[in-house]
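[1] sequence and computational prediction follow.
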Amino acid sequence: MRKWLRKQSTLSIIAVSIGVLAIMTVDTAANDRFGKFSIARLKYDGGGDWYSDPSSLPNLLEFVAANTPVAVSLEEYRVSVMDKELFSFPYLYMTGHGNIRFSEGEVLRLRQYFQAGGFLHADDNYGMDKSFRREMKRIFPDHELLELPFSHPIYHCFFDFPDGLPKIHEHDNKAPQGFGIFYNNRLVVFYSFESDLGDGWEDTDVHNDPIEKHENALKMGANIIIYSLSP
């Protein structure tokens with residue numbers, strides 16, 4: 001298994017060529033699709049609505065394209081763990097309100113994906129916390145989901161969030177928290193909890209969010225993307 005090449009460059013160079021951060025084995029058609037950074041929404045079993053917030057990722061990608069040096073594909077891709085295209089996507093996004101369940105084969109494949117250089121942003125849409133933590137423990141039984149301090153670069157790498165994750169929607173009247181799983185000192189999973197960034201990325205008339213919340217959610221999403229592309 002070949003590891004994805006990590007970009008040893010500044011954001012200006014990242015803007016030139018971002019999509020194919022090197023890959024395991026990808027067919028020619030898949031290679032032709034990716035000349036820019038792209039996001040793949042992760043489909044999963046268990047009953048949770050992995051497809052929720054349909055306008056969120058297109059809006060986030062448009063924001064990143066317009067406000068950062070990152071060259072992005074505006075298309076949202078969707079991928080299952082066992083799809084052969086999984087390793088074509090260095091960046092996965094997952095969300096939902098309900099249960100998440102991976103098969104034993106999916107657990108093994110996701111572990112390989114992270115070990116090969118992949119990155120996951122998991123965004124709790126209120127209701128997936130218990131099952132998400134359980135499944136992450138199956139993938140990395142010896143690694144904990146650690147709360148990231150406000151000083152972590154993910155909160156400052158492009159837009160500045162001195163108080164950590166922005167609070168977009170109220171769930172249980174708790175402060176938002178950002179958690180991470182590190183593998184070989186690299187952040188491979190970022191978990192946004194009690195923030196609901198995906199709702200904030202959606203069209204503003206979906207939840208009638210103030211424009212400030214919408215923009216803060218998009219800025220934080222851009223930070224997560226840019227941090228994931230950093231050396």
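    Done, it's in. Residues are numbered from 1 along each chain as shown.

[2] what about the closest residue to residue 192 other than its chain neighbours, how many residues nearby?
    Spatial nearest neighbour of residue 192, excluding adjacent residues (CB to CB, 6 or more residues apart in numbering): residue 123 at 4.9 Å. (Glycine included, C-beta is placed from N, CA and C.) Residue neighbour count, defined by other CB atoms under 10 Å, stands at 27 for residue 123.

[3] direction included, what does the host helix or strand of residue 123 pair up with?
    Using DSSP states H and E, residue 123 maps to strand 119-124. Sheet pairing of strand 119-124 (DSSP bridges) gives strand 91-96 (parallel), strand 186-193 (parallel).

[4] returning to what we had before: residues touching the residue nearest to residue 192, list them.
    93-95, 191-192, 195-198 (CB atoms under 8 Å, 6 or more residues apart in numbering).

[5] can you mark which positions in the strand holding residue 123 are buried?
    Residues of strand 119-124 classed as buried by neighbour count (16 or more other CB atoms under 10 Å): 119-124.

[6] bridged to the residue positioned nearest the centre of the chain, which residues?
    Closest to where the C-alpha atoms of the chain average out (CA atoms, centre = their mean) is residue 121, at 2.5 Å. Judged by DSSP bridges, the bridge partners of residue 121 are residue 93, residue 190.

[7] what pLDDT is listed against it?
    Looking at residue 121, its pLDDT is 98.

[8] what's the single longest helix in this structure?
    For the chain, the helix with the greatest residue count under DSSP state H is helix 211-228.

[9] what's the average pLDDT for stretch 97-108?
    The average pLDDT for stretch 97-108 rounds to 97.

[10] same thing with stretch 55-64?
    Average pLDDT, stretch 55-64: 96.

[11] and the contacts of it?
    37, 39, 41, 70, 72-76, 93, 95, 198-199, 201-203, 206, 218-219, 221-222, 225.

[12] swap the cut-off to 7 Å and go again
    Stretch 55-64 is contacted by residues 39, 41, 70, 72, 74, 76, 93, 198, 201-203, 206, 218, 221-222, 225 when judged by CB atoms under 7 Å, 6 or more residues apart in numbering.

[13] which one is residue 226 nearest to, not counting chain neighbours?
    residue 158 (4.8 Å).

[14] what of residue 144?
    residue 181 (7.4 Å).

[15] so that neighbour sits right up against residue 189, yeah?
    Yes. Using CB atoms under 7 Å, residue 181 is in contact with residue 189, at 4.0 Å.

[16] sorry, back to before: can I take it that the residue nearest to residue 144 is in a helix?
    No. Going by DSSP: H, G, I helix; E, B strand; the rest coil, the assignment for residue 181 is strand, not a helix.

[17] which residues touch it?
    Contacts of residue 181 by CB under 7 Å, 6+ apart are 136, 140, 143, 145, 188-189.

[18] mind doing that once more with 6 Å?
    140, 143, 145, 188-189 (CB atoms under 6 Å, 6 or more residues apart in numbering).

[19] pull the most distant pair out of these.
    Spatially, the most separated pair among the contacts of residue 181 is 145 and 188, at 11.3 Å (CB to CB).

[20] picking that back up, which strands and helices sit next to the longest helix of the chain?
    helix 56-67, helix 197-201 (3 or more CB pairs under 6 Å, 6 or more residues apart in numbering; DSSP states H and E).

[21] pick the most deeply packed of the ones you listed.
    Neighbour counts (mean count of other CB atoms under 10 Å) averaged over each of these peak at helix 197-201, with a mean of 26.
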